[in-house]
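Q: Build the 3D model from these lines:
(2 chains, ligands or ions: 3)
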Amino acid sequence: MIRDPKDLKRYTASERANHWVVGISFILLALSGLAFFHPAFFPLTQLFGGPVWARIIHPYLGVLMAVSFLGLFIRFRHLNKMTPADKEWLSKAKQMVDGDDHNMPEQGKYNGGQKVMFWALAVCMLLMTVSGIFIWRAWFGFDITLVRLGAVVHAAAGAVMIGLIMVHVYAAIWVKGTIRAMWYGTVTRAWAKQHHRGWYRQVTGK
Amino acid sequence: MALQSLDIKQRSATTTPPPQARQTVEIAKLIDVSACIGCKACQVACMEWNDVRDEVGSNHGVYDNPMDLTEKSWTVMRFSEVEQNNKLEWLIRKDGCMHCSDPGCLKACPAPGAIIQYSNGIVDFHQENCIGCGYCVTGCPFNVPRISKTDSKAYKCTLCSDRVAVNQAPACAKSCPTGAIQFGSKEDMKDYAAKRIGDLKERGFDKAGLYDPEGVGGTHVMYVLHHADQPGLYAGLPENPSVSPLVSLWKGFAKPLATLALAGVALGSLFHYVTKGPNEVSKEIEDEIEREDKEEAK
Ligand code: HEM
Ligand code: SF4
Ligand code: SF4
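A: Ligands and ions are numbered 1, 2, ... in the order given. Next up is the predicted model:
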């Protein structure tokens, strides 16, 4: 892909690297976690060198992801404050999903859907980390009721989170010209004008 | 086919039915607490038969030794001093796996074949399939399984499944000098218990009874208690044990549903793409930007 010098900078290299660490560790966590979630997924443990290794590695990956997610959270939380325009966007989201984005209100760097995703993932991440520590028998021995509660929360929030990430990834695939933001850090001006006009005006002054 | 005495009734993390054509007699171990003298011959017999030797611990000023079940002590005698009818009573309960009919450990275990319930009722841990997650500890209503610190595998009483498989009584039952540990078919053990309970009632223990808790579908280790109305007296034996509702929720119908829902999200996304098409930048906006560029260039 030829890079146009007039492309707009959306992410710095360190933001992208941070995002990839979270992304890779999340995928590994989801694959190893699902293996314990239901017998249908147990063969996934083979991806990690066998069932015992999957059990050993999973929580350490969790720690890596929790720390790197905190990095993303601190970087982007200011940009994800909900505004009335976001609420309007959300109320019209169905039209957008149906393939018609002509009536969508002007959006800043992130649209209402992305902001909801951001906060939902942040809550899930917190739940996953706390409950994951409760059920981590190799290091901790919490009260049995906390461990049982932890198991329920970890499984439930994990399933929700895997669903959210599927939507997150699909949205990036569906909206053409988005994925390069995570490779090069840039997007075309046309992309920005179409999907995030408020942000486009802000960075171009137009 | 393997030994009939090792026919499998339930296997952890397995969703298809086990072989069911043959029927096996359910066995049980009956521990008559009222006849136990706390000599710990059973603890020793267990160590010997199973070739496990725990660390030599220290004296804590009570008779309990070791103080708790461990990966190498699969049964321990628990001593309680209680006052009943203005008299001191020394209650001694042999603690260990109850071999539940509805075992919480097996329900919770995520590793296929790490926990097996034989059709004779014995619940056995197969360490070669164990991944060391400790879910069995989370699932057990009696706080029985222990994860080894050396090999991270789960251990507990096997009810001497290897001896029972060849028609031998468990080592503990064999060694008990007072006959406080009986072994046989579950039916016979219930009959034997009924006689013992009759005796105890004659001796004034009018609340004597059998501990075979319904909440876990009954157990294959049962107790005769002099105070069956207060099992808690016996070092905290649970009154109405059952698999915790949290464990049932965690391992229940929600998981297959969640799995289907996730498959739905993945397939839904695919079909959204092929029916609605990708969301491309519109031609008009691209043209607009091109026009602006040309004007700027002038
Ligand atoms: C954030 C830190 C995390 C920690 C400390 C953690 C820890 C754990 C632990 C200790 C287990 C039990 C198995 C084992 O011992 O390996 C487990 C299971 C699991 N984890 Fe995590 N985890 C974390 C994050 C995640 C994430 C992000 C996911 C992905 C969605 C995930 C999905 C799962 C699932 C699905 C299970 C199986 C739950 C079940 O058996 O029902 N975990 N986790
Ligand atoms: S007492 Fe605990 S370890 Fe033994 S069968 Fe019942 S649930 Fe499993
Ligand atoms: S520790 Fe072993 S036996 Fe216990 S639940 Fe995990 S895999 Fe199953």
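Q: What are the buried residues along stretch A:88-106?
A: In terms of neighbour count (16 or more other CB atoms under 10 Å in any protein chain shown), stretch A:88-106 has its buried residues at A:88, A:89, A:90, A:92, A:96, A:104, A:105. The way it works is simple: take the backbone N, C-alpha and C, and place the C-beta from them, glycine included.
Q: Need the max-distance pair from the residues you listed.
A: Maximum pairwise distance in these, criterion CB to CB, is 11.9 Å, between A:88 and A:96.
Q: So for chain B, the centremost residue is which one?
A: residue B:105 (3.6 Å; CA atoms, centre = their mean).
Q: hmm, who's touching the one helix or strand that residue maps to?
A: Using DSSP states H and E, residue B:105 sits in helix B:104-108. If you take CB atoms under 8 Å, 6 or more residues apart in numbering or on different chains as the criterion, helix B:104-108 is touched by A:151, B:10, B:12, B:115-117, B:123, B:125, B:135-141, B:144-145, B:216, B:243-244, B:247-248, B:250-251.
Q: and after that helix, which helix or strand comes next?
A: strand B:115-118.
Q: Would you mind pulling up the elements that that following strand packs against?
A: Secondary-structure packing of strand B:115-118 (3 or more CB pairs under 8 Å, 6 or more residues apart in numbering or on different chains; DSSP states H and E): strand B:8-11, helix B:104-108, strand B:123-125.
Q: So which residues of chain A form strands?
A: With DSSP state E as the criterion, chain A has strands at A:8-9, A:186-187.
Q: distance between the first one and the chain's centre?
A: Same thing as strand A:8-9. Centroid separation between strand A:8-9 and its chain, computed with CA atoms, centre = their mean, to the nearest Å, is 21 Å.
Q: residues touching the closest residue to chain B within chain A, list them.
A: Taking CB to the nearest CB, chain B has its nearest neighbour within chain A at residue A:137, 3.5 Å off. By CB under 8 Å, 6+ apart, the contact set of residue A:137 is B:132, B:133, B:134, B:137, B:147.
Q: Check for me that residue B:79 belongs to a helix.
A: No - checked against DSSP: H, G, I helix; E, B strand; the rest coil, residue B:79 lies outside a helix; its state is strand.
Q: Quick check on residue B:89: phi, psi?
A: The phi/psi pair for residue B:89 (degrees, to the nearest 10) reads phi -130, psi 140.
Q: returning to that earlier point: CA atoms only: put the helix holding residue B:105 into CSV for me.
A: Taking Å, rounded to 0.1, in the frame of the first residue of the first chain, the C-alpha atoms of helix B:104-108 are listed here in CSV:
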residue,chain,number,x,y,z
GLY,B,104,-18.9,-31.7,42.9
CYS,B,105,-15.3,-32.4,42.1
LEU,B,106,-16.1,-34.4,39.0
LYS,B,107,-18.7,-31.8,37.9
ALA,B,108,-16.1,-29.0,38.2
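Q: pLDDT value on the nearest residue to residue A:172 once chain neighbours are set aside, please?
A: Excluding the flanking residues, the one nearest residue A:172 by CB to CB, 6 or more residues apart in numbering or on different chains is residue A:178, at 4.7 Å. Residue A:178 is assigned a pLDDT of 97 by the prediction.
Q: I'd guessed residue A:178 sits against residue A:187; true?
A: Yes - assessed by CB atoms under 8 Å, residue A:178 is found in contact with residue A:187 at 7.4 Å.
Q: out of those two, which sits in the busier spot?
A: residue A:187 (23 against 16; other CB atoms under 10 Å in any protein chain shown).
Q: Give the burial count for residue 180, as a bare number.
A: Answering for chain A, as no chain was given. Count around residue A:180 with other CB under 10 Å applied: 18.
Q: To clarify, I was referring to chain B.
A: Neighbours of residue B:180 (other CB under 10 Å): 24.
Q: average pLDDT across stretch B:142-149?
A: Stretch B:142-149 comes out with an average pLDDT of 98.
Q: Any residue of stretch B:58-77 touching chain A?
A: No - if you take CB under 8 Å from any CB of the partner chain as the test, stretch B:58-77 misses chain A, and the best it gets is 12.5 Å.
Q: what's the closest non-adjacent residue to residue A:159?
A: That would be residue B:258: by CB to CB, 6+ apart, it lies 4.1 Å from residue A:159.
Q: Same question for residue B:187.
A: residue B:26 (7.8 Å).
Q: tell me the helices in the chain, going along the chain?
A: Since you didn't name a chain, this refers to chain A. Assigned by DSSP state H, the helices in chain A fall at A:13-37, A:51-76, A:84-91, A:93-97, A:112-134, A:144-174, A:180-183, A:189-195, A:197-204.
Q: that's the wrong chain, I wanted chain B
A: So, for chain B - with DSSP H - the helices run B:41-50, B:104-108, B:135-139, B:161-165, B:171-175, B:186-202, B:245-251, B:254-276, B:283-297.
Q: Let's have those in TSV, adding mean pLDDT.
A: What follows is these, written out as TSV (pLDDT from 0 to 100):
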stretch	mean pLDDT
helix B:41-50	98
helix B:104-108	98
helix B:135-139	98
helix B:161-165	95
helix B:171-175	98
helix B:186-202	98
helix B:245-251	97
helix B:254-276	97
helix B:283-297	93
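Q: okay if I get those as CSV plus distance to residue A:53?
A: Shown next, in CSV, are the helices of chain B (distance: least, CB to CB, whole Å):
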stretch, distance to residue A:53
helix B:41-50, 28
helix B:104-108, 21
helix B:135-139, 17
helix B:161-165, 29
helix B:171-175, 35
helix B:186-202, 41
helix B:245-251, 24
helix B:254-276, 23
helix B:283-297, 50
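Q: just to revisit the earlier point, pick the most deeply packed of the strands of chain A.
A: Most buried of those, by mean neighbour count (mean count of other CB atoms under 10 Å in any protein chain shown): strand A:186-187, with a mean of 21.
Q: elements contacting that one?
A: Using 3+ CB pairs under 8 Å, 6+ apart as the contact test, the elements touching strand A:186-187 are strand A:8-9, helix A:180-183.
Q: just how off-centre is the longest one within its chain?
A: What that stands for is helix A:180-183. That offset, for helix A:180-183, works out to 15 Å (CA atoms, centre = their mean).
Q: With just CA atoms, put that helix into PDB.
A: Extracted as PDB, the C-alpha positions of helix A:180-183 are listed here (Å, rounded to 0.1, in the frame of the first residue of the first chain):
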ATOM      1  CA  ARG A 180      -4.100   0.000   8.500                       C
ATOM      2  CA  ALA A 181      -4.500   2.400  11.500                       C
ATOM      3  CA  MET A 182      -3.100  -0.500  13.600                       C
ATOM      4  CA  TRP A 183      -0.300  -1.300  11.100                       C
END
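Q: and the residue most central in space within chain A, what does it touch?
A: By CA atoms, centre = their mean, chain A has its centre lying nearest to residue A:165, at 5.5 Å. Counting by CB under 8 Å, 6+ apart, residue A:165 makes contact with A:26, A:30, A:121.
Q: Considering these, which is situated nearest to ligand 2?
A: Closest approach to ligand 2 among the contacts of residue A:165 (CB to the nearest ligand atom): residue A:30, at 29.4 Å.
Q: how many other residues sit next to that closest one?
A: Neighbours of residue A:30 (other CB under 10 Å): 20.
Q: Just give the closest residue to it, not the sequence neighbours.
A: Using CB to CB, 6+ apart, the closest residue to residue A:30 is residue A:162 (5.1 Å).
Q: Kindly tell me how buried residue B:59 is, as a neighbour count.
A: 9.
Q: Next, the contact list for it, please.
A: residue B:65.
Q: count of residues packed around residue 130?
A: The chain I'm using is chain A. Per other CB under 10 Å, the neighbour tally for residue A:130 reads 15.
Q: I was after chain B.
A: 27.
Q: and residue B:41, what is it in contact with?
A: B:175, B:176, B:177.
Q: No more questions from me, cheers.
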